[in-house]
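Q: Pasted the sequence and its predicted model underneath.
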Amino acid sequence: MEIVTATEQFDEPLYLESGRILDSFKLTYETYGELNEDKSNAIVVFHALTGSHHAAGRYENDSKSGWWNPLIGEDKILDTKKYFVICVNVLGSCFGSTGPMSNGDKEPLRLKFPVITISDMVASQMKLFKRLGIEKAHAIIGGSMGGMQALCCAVEYPAFTERVICLASTYATQAWAIAFNRLAMEGIVNDPRFENGHYGKDDFVNEGLFGFAVGRMAGHISFLSPHSMDSKFGRNYVETDGIYELFGRFQVERYMEYNGHNFAKRFDPLSYLYIIKAMNIFDATRNYDSLEHSLHHIKAKMTLIAFKEDKLFRPREMEEIKNTLVNVGRGNQVGYVCIDSDYGHDAFLIEYDKFDFYIEKALK
C-alpha cells in the first residue's frame, strides 16, 4: 500500500467560530489508495485527540504502524484497492498543520494563537477536500474527537456525504471528561518549564514536561476501564522493585509512568491545551435551538458505535443521538450498537474484531 503524505498551504483567511481570523494556514494529510475518475470513492477518517494524519501503514525505519492500521489497507475493511482514504492532521495539532507553535515568517503565536473549535477544524478540512476535487465523500468516519468531527460535518455540511460512522464519541463533552482534561491543563501550565508558553520548540524532546506527563497519566486512566487494567496488570509488582521500598512500583504504576513521560516527549503541550479546549467546548447544540434542531440538518445515514465500559464518552451519550434522530422522524437514517467490551474508551483503537463488521455494513 502506497502512503502519500503532503502539506497544503492556504494563503486565504479562515474565519473562526470565535470571530478571530487566521490569515493563512496549512494542513498536513495522508492518503492511501487512488482517487477514482469521478472522485467519488473518498473515505475521510478523522483522528482523535492524540492521533495524527498517519492512520495506516508504516514509515521506513519506523517500528510502529499508523493508529488504525488494522482497518486501512488492501483487502481490509477500508480497502485501498477500492477506496481512497484520507486523514488530515487537525488545525492546532503539532504534526504538521498550523498550530500555536507553527514556524512561519514570524515567531510562533504561542498563547496568542486563537481558540479553535471542532467546527473550525472541519471547516479547514473542507477547504482541503475542495482543493483536492472531493466534492462528496463516500463516507466519513471518526472515533472520540474524530467522531465529534464526523458529527459536526454531518450537521454543518449535510451534502458532503451519505454515510457517517461515529465511534466512542458524544454530541457534547460532559463534565466527567472536562474534569480529566482540567488535570492535564493544571499540570502543564503550573510546570515552571512551561514558562507561560514561551518554551523552545525542542525543549521537551529529551525530557518531557513533567506536569504534562502527570496530567497525561490522569487522562489515560479515563481511556481505560477497571476491568481492562485488572486483566492487564492485576496486582503484579515490578520484579526489580522491593515491595517494602517506599517508591517500589506495581506494574500498572510503571505502565502509567512510561505512557505519560513518553507522550510528553512527542506531543507539544500548547497543542494539547488548544485541542482539549476544542473538545471541552464541543456542543452540537451550541448554534442551534436544541439537539433536535441541530440533528434535523443531517441528511446522511448514521452508524453510531458505543462501547459498554467507555467511561469518557458513555454509551448513553451516543444513544441520545440515536433517540433524538428517531424523535425527529429520522429513525430510518440511524443505526446504533453498543459493543460488549471491557476495554474502555480506547476499545475503538484496539478491539477491531468486535466492531469492524458494523463499519463494513455501513459502507455497503
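A: Ah, there it is.
Q: any idea where the helices of this structure begin and end?
A: Secondary structure of the chain (DSSP state H): helices at 118-131, 145-156, 175-189, 210-223, 226-233, 251-266, 269-280, 291-295, 315-327, 356-363.
Q: and V44, bridged to which residues?
A: Per DSSP bridges, the residues bridged to V44 are I86, I140.
Q: Might one say that it is in contact with A139?
A: Yes. Between V44 and A139 there is a contact under Cβ atoms under 8 Å: 7.5 Å. Bear in mind the C-beta positions are built from the backbone N, C-alpha and C, glycine included.
Q: any shared contact partners between these two?
A: By Cβ atoms under 8 Å, 6 or more residues apart in numbering, V44 and A139 have these common neighbours: T161.
Q: These two - which one has more neighbours?
A: Using other Cβ atoms under 10 Å as the criterion, V44 and A139 rank with V44 on top: 28 against 24.
Q: what's the distance between the residue located most distally from the centre of the chain and Y237?
A: The C-alpha centroid of the chain is most remote from Y244, which lies 40.9 Å away (Cα atoms, centre = their mean). Remark: distance between Y244 and Y237 (Cβ to Cβ, to the nearest Å) = 11 Å.
Q: ok, K112 to L22 distance?
A: For K112, the distance to L22 - Cβ to Cβ - is 12 Å.
Q: Who has more neighbours out of the two?
A: A side-by-side neighbour count of K112 and L22, using other Cβ under 10 Å, places L22 first with 19 against 9.
Q: Isn't the more buried one up against L14?
A: Yes. Between L22 and L14 there is a contact under Cβ under 8 Å: 4.3 Å.
Q: how much space is there between M279 and S63?
A: Where S63 is concerned, M279 sits at a distance of 29 Å (Cβ to Cβ).
Q: between these two, which one's more packed in?
A: With neighbours defined as other Cβ under 10 Å, M279 and S63 compare such that M279 has more, 20 against 6.
Q: Can I get stretch 339-355 as CSV, trimmed to CA atoms?
A: Below are the C-alpha coordinates for stretch 339-355, written out as CSV (Å, rounded to 0.1, in the frame of the first residue of the first chain):
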residue,chain,number,x,y,z
ILE,A,339,-20.3,-3.2,21.8
ASP,A,340,-19.9,-5.6,24.7
SER,A,341,-16.3,-4.5,25.5
ASP,A,342,-14.5,-4.3,28.8
TYR,A,343,-11.6,-2.4,27.4
GLY,A,344,-13.0,1.2,27.9
HIS,A,345,-12.8,4.2,25.7
ASP,A,346,-9.7,3.0,23.8
ALA,A,347,-11.6,-0.1,22.5
PHE,A,348,-12.1,1.7,19.2
LEU,A,349,-8.4,1.6,18.7
ILE,A,350,-7.8,-1.9,19.9
GLU,A,351,-10.8,-4.4,19.7
TYR,A,352,-11.3,-4.1,15.9
ASP,A,353,-12.8,-7.5,15.5
LYS,A,354,-15.7,-6.5,17.7
PHE,A,355,-16.9,-3.6,15.5
